[in-house]
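> Starting from these lines, generate the structure:
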Amino acid sequence: MAEKVMADTLLDVDGIETCYGLSQVLFGLSLSIKPGEMVSLMGRNGMGKTTTIRSIMGLTPARAGTIRFAGAEVRQLPSYRIAKLGVGLVPEGRQIFPNLTVRENLVAAAADRFGSSNPWTLAAIYVMFPRLAERASNMGNQLSGGEQQMLAIGRALMTNPKLLILDEATEGLAPLIREEIWNCLSLLKSRGQSILVVDKNVDHLARICDRHYIIERGKTVWSGTSVALMAEPDLQHKYLGI
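Got it, this is the predicted structure:
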């Protein structure tokens, strides 16, 4: 039975502990994502959301616990190997290449390692984000914040990932651009893309995510469905400050 559960889980994070030097941030945090699921990670600022993502990606390795992706233990692997296994990251702050053009940013890490039946290509990214097609020859540092976020998402999708992770998906973006990002995520979910998303917009997250995790001081304090989340306003107030 345990083998079946593992086979049905794309990402399984169990009891991880992560530190920055002597300062411990994560204290036995756990979460999981099944293939095709869209899952949110929520919590107030400074509670460990970005550290969780950095631990999954191997950028700040967890010192304890297990992180299994597609059945393989990845906690002690370097970041580039985790990415090659099929994890695409849209990091907080976008971190696009400022001195490359939009097109160069998109093709820099492009790959289809798993033989996708409908792989992401330049043309497909341009259909999703027409603004990137218009700015294809512009340098990354010439784009607006919203355009940079579209580019960061497009760059991650060009790796044709099994799991897409977005840290602060719509932070600091204008309302119209936010809507465009949410529409993009809804489309990706409809395509069966597995997604882990960090964001503060509970209403949008509840509308499109399958499940949610709330973390407080480096621990998972609640998990459940959108229906359960919206039925507990006291929970949102306690842990999210809403």
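
> Give the buried residues for stretch 191-202.
By 16 or more other CB atoms under 10 Å, the buried positions in stretch 191-202 come out as 193-202. The way it works is simple: take the backbone N, C-alpha and C, and place the C-beta from them, glycine included.

> nope, stretch 133-151 is what I was after
Result for stretch 133-151 [16+ other CB under 10 Å]: buried residues 135, 139-140, 143, 146-151.

> and what of stretch 162-173?
Within stretch 162-173, the residues scored as buried using 16+ other CB under 10 Å are 162-170, 173.

> Kindly list the longest helix within the protein.
Using DSSP state H to define each element, the chain has its longest helix at helix 175-190.

> right, and the helix or strand after that helix?
Downstream of helix 175-190, the first helix or strand assigned by DSSP states H and E is strand 194-198.

> got the buried residues for whichever helix or strand comes after that next one?
Later in the chain than strand 194-198, the nearest helix or strand by DSSP H and E is helix 202-208. For helix 202-208, the neighbour count (16+ other CB under 10 Å) marks 202, 204-206, 208 as buried.

> With stretch 26-40 instead?
Those would be 26-27, 29, 31-33, 37-40, for stretch 26-40 by 16+ other CB under 10 Å.

> any chance of these in TSV, with pLDDT too?
Converted to TSV, the buried residues of stretch 26-40 look like this (pLDDT from 0 to 100):
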residue	pLDDT
L26	97
F27	97
L29	97
L31	97
S32	97
I33	98
E37	97
M38	97
V39	98
S40	97
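
> now this structure, which segments are flagged as low pLDDT?
Along the chain, segments meeting pLDDT under 70 span 1-7, 242.

> Give me the most central residue, it.
Against the mean C-alpha coordinate of the chain, by CA atoms, centre = their mean, the closest residue is I165 at 1.6 Å.

> helix or strand for that residue, which one?
strand 163-166.

> What of K238?
For K238, the element it lies in under DSSP H and E is helix 233-240.

> And for V13?
Going by DSSP H and E, V13 is part of strand 11-20.
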